[in-house]
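Asks: fold the stuff below for me.
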Amino acid sequence: MKKFKVASIEAPLYETSGLASSQNILFSINDGGNPSHLYTLDSIGKIIQTITLPFPNTDWEAITTDDHSLYIGDFGNNSGKRDVFTIFKIKTPTDSTATFSKIRFTYQNQTDNLTPYQHDFDCEAMVYHNQQIHIFTKNWLSNTTTHYSLSSLSTDVQNLQALENYATNYLVTDAYIHQNTLYLIGYTRSGSCFLSSFELEDGKLFFSKPLKKHRLGSVLKLGQIEGITATDQGLYISAEGIKKSFLNIKPTLYFIPFSALKD
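Replies: Predicted coordinates:
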């Protein structure tokens, strides 16, 4: 996928953990523990604006939009210690005065005393589709993803029941729906990056039809892929930077034309 590299993403967006788009503008966020900033970027990864939002970044992991609002998923749970999760709904902001509301949820079958990185109640992927928010879990234990949906209007804590499960054989880190196709991205524990696509059918669950699966490359070369969105021409994918003793991979923005995914 290195041939599809657009640019390295500017600091301070080093831990880009989600990607969305609206009117030719890209939105991204940093992972948990970072400042509560929303970043707007142009099509070559240059930061246009940094917006400070009035709620904490406990573990922001995904971002999506509808026609009127932007949603930030604060539902990361690598450790397994969280049991109530929040999606912040804000009017697509131009400044820090944007109003917001909270959409909160629990998993119906989540148990206590989960082992860190060995459970199925982590999440990093979210889309808005047909008046609902849909999330896809990062299942460390079973190496699958579970699909849940919830209302974007309810003010009550919603107790989510699993709708379907799919054996991705990798950890799902983001999702996007474009032109009736669901795209999932993620990586394996050994560092292989994948993109999967599912053609959607009216009235059917997302995983009803066979998928197409593309190996994108290695985390050691691409970075840790964490965000996906689309235009009519193709898919934008963002990768978190990696700094270790033997590695220094900058956060990166990629663009894959749909024509490159036909085979």
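
Asks: report the central residue of this protein.
Replies: For the chain, the residue nearest the mean C-alpha position is Asp174 (2.9 Å; Cα atoms, centre = their mean).

Asks: specify the beta-bridge partners of that residue.
Replies: Ile185 (DSSP bridges).

Asks: where are the low-confidence patches of the stretch 1-150 of the chain?
Replies: 92-98 (pLDDT under 70).

Asks: what's the distance between Gln131 and Ile103?
Replies: 13 Å (Cβ to Cβ, to the nearest Å). All C-beta atoms are positioned from the backbone trio N, CA, C, and that covers glycine.

Asks: these two: who's more crowded?
Replies: Between Gln131 and Ile103, counted using other Cβ atoms under 10 Å, the more crowded position is Ile103 (21 against 10).

Asks: for the more buried one, which non-adjacent residue is closest in space?
Replies: Ile87 (4.2 Å; Cβ to Cβ, 6 or more residues apart in numbering).

Asks: so which strand or helix has the one you found?
Replies: According to DSSP states H and E, Ile87 maps onto strand 85-91.

Asks: buried residues, that strand. List them.
Replies: Buried positions in strand 85-91, judged by neighbour count with 16 or more other Cβ atoms under 10 Å: Phe85, Thr86, Ile87, Phe88, Lys89, Ile90.

Asks: residues contacting the residue nearest to the fourth one when sequence neighbours are not counted?
Replies: Ranked by Cβ to Cβ, 6+ apart and with sequence neighbours excluded, the top spatial neighbour of Phe88 is Ile72, at 4.6 Å. Applying Cβ atoms under 8 Å, 6 or more residues apart in numbering, one finds that Ile72 lies in contact with Gly18, Ile29, Leu38, Leu53, Trp60, Ala62, Ile63, Ile87, Phe88, Ile90.

Asks: straight-line length of stretch 149-168, end to end?
Replies: End-to-end distance of stretch 149-168: 19 Å, with Cα to Cα, to the nearest Å as the criterion.

Asks: so what does Lys221 have for phi and psi?
Replies: phi -110, psi -30 (degrees, to the nearest 10).
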